[in-house]
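> Sequence and predicted model, in that order:
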Amino acid sequence: MSEPKSNFKLRKIYILCLLAGAILVFQPFLGQAADQPAAVEDLNAQRDAKQRQLLELQAKIADLQTQINAQRSKIASLSNEVKLYDLQIQQIEAKIAELNAQIEVTNADIIDVTKQITAAENQITQKKELLTDLLRQIYEADQVSPLQIVLTQNSFSELLNQFQSTVAFQDQTGRLVGELTSLKKQLDETQQALSEKKKELEDLKGQAQLTQDNLVTEQKQKQALLTATRGQESKYKQLSSQLSAEEAQVNREIYNLDLTIRERLGDKTLPPVSGAMTWPMEGILTQGYGNTGFTSLGYTFHNGIDIAAPPSTPIHAAADGVVYAIGYGRAAYGNWVAIRHAIKSDDGTVNNLITLYGHMNRIAVSTGQGVLRGDTIGYEGNSGNTTALLYGPDRGYHVHFSVFDEEGFGIQDGAYIKIYGAYKIPYGYTYDPMRFLK
């Protein structure tokens, strides 16, 4: 006696569900086996080699920074200045190599994420096809009424088997839908990771270009120094004296503006503030806040701290805030950014402060833009008074970081336009940045 058509359909669906379950169980293992060719192992080996190269380059850059700092502390002379240029050129070349290695590592990561996306897309396609077939079977099964199922069974046992088959079918369909949803989420996450990797790669390429530009600038400045002095120490001393006098004028201008506000406001005090800000840049502290002894530079009080690092190192917002103003120029702070913050003290009071980041190579934000702590706002350079033909013991690539009270903060046009062109000077009542940094 032949099996009823409805009974046959349900049994067929039940078998199909079991097959689907087996596919769901074994498919991940099949995918993993296919993703282990020698090419993948080679890619991982290349990434590991680049990571080791990165560590070596970073150690070399740090060592060169130490040598640069030591060279700056020596008495100014033509030979010392040439040696300083050579060290900085070596450091820039090492930084370019480091960035290129980082780009290659990021490229390898992008390839890896792309493979994950492709694998997820393939699994989604397969599961969609299987789900489509199951949904078609559901539709066919729905054409059989419950009464027909009951009437076609020879016994209660067979009827119970049919009900169990139907329940199993529904469970397997539910599992398949769940797997499809999970894969879709996985694909979204890997696509997001790929977008972030691509952005990181674009940022690295932009930073590498800035560093390359710095290398060209350094080489030109070294040649300009040798041309201007004709390799003679006497010519160097004469040129150095002239430039130092011009810079002293601008330094005195900044000092007097700050001093005027400090005298008008008196001694301001803030409640204790601990860890309200993070360091604006990774590097070495080369000058602190206050009476740091650089009287020969035209001032007796340093209104911030200086942090030195390889050219074009990213500079970050020290705390959440809004970009208050930006400025450009060849004197004073050079290319700078000022950010307004509402900083909460340990006792809960809120203080409005402004942080200043000076001597940038390139500014990456605009006035009125909101920034979060750690956001990149620009890249380290030596614009402003650090860009004179000659380097003194205090100068070179670094970021000048100041913390101003909002009360009394102002921005004024520079006075020495005939020498430096147009430039602006932020000024006000400053605090020791070390009070806020963690």
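Happy to help now that I have it. Note that the structure is a prediction, hence the values are computed from the model and not measured.

> Correct me if wrong, but I411 is in a helix.
No: secondary structure of I411, determined by DSSP: H, G, I helix; E, B strand; the rest coil: strand, with no helix assignment.

> Surely it touches A332?
No: checked against C-beta atoms under 8 Å, the pair I411 and A332 is beyond contact range at 10.9 Å. Heads up, the C-betas are built off the backbone N, CA and C, glycines and all.

> Neighbour count for these two, which is higher?
Under the criterion of other C-beta atoms under 10 Å, the comparison of I411 against A332 puts A332 first, with 26 against 15.

> Could you double-check that that one lies in contact with Y423?
Yes: between A332 and Y423 a contact is recorded at 5.6 Å, counting by C-beta under 8 Å.

> what residues do those two have in common as contacts?
With contacts taken as C-beta atoms under 8 Å, 6 or more residues apart in numbering, the residues that reach both A332 and Y423 are 384, 414.

> thinking again about what came up before, quick check: neighbours shared by I411 and A332?
With contacts taken as C-beta under 8 Å, 6+ apart, the residues that reach both I411 and A332 are 424-425.

> Which residue ranges of the stretch 151-300 of the chain form helices?
Listed in chain order, the helices found in the stretch 151-300 of the chain under DSSP state H, counting those that start in this stretch are 156-229, 233-265.

> Can you list the buried residues in the last one?
Read it as helix 233-265. When burial is assessed from 16 or more other C-beta atoms under 10 Å, helix 233-265 yields the following buried residues: 236, 239-240, 244, 246-248, 250-251, 253-255, 257-258, 261-262.

> In these, which has the lowest confidence score?
pLDDT across the buried residues of helix 233-265 is lowest for S244, at 74.

> I'd like to know how far it sits from K237.
Note on S244: its distance to K237, by C-beta to C-beta, to the nearest Å, is 10 Å.

> next one: V216
Distance, V216 to K237, by C-beta to C-beta: 28 Å.

> Check S366 too.
Using C-beta to C-beta, one obtains 43 Å as the distance from S366 to K237.

> Break down the stretch 301-438 of the chain into its helices, ranges please.
With DSSP H, counting those that start in this stretch, the ranges of helices along the stretch 301-438 of the chain come out as 417-420.

> Hmm, I typed the wrong one, I wanted the stretch 1-150 of the chain.
Counting by DSSP H, counting those that start in this stretch, the stretch 1-150 of the chain has these helices, from start to end: 5-34, 38-72, 78-142, 146-151.

> quick one, the longest one and helix 156-229 angle?
Read that as helix 78-142. 160 degrees (axes from the mean of the first three to the mean of the last three C-alpha atoms, to 10 degrees).

> chain center to helix 78-142, what's the gap?
Taking C-alpha atoms, centre = their mean, to the nearest Å, one finds the center of helix 78-142 at 16 Å from the center of the full chain.
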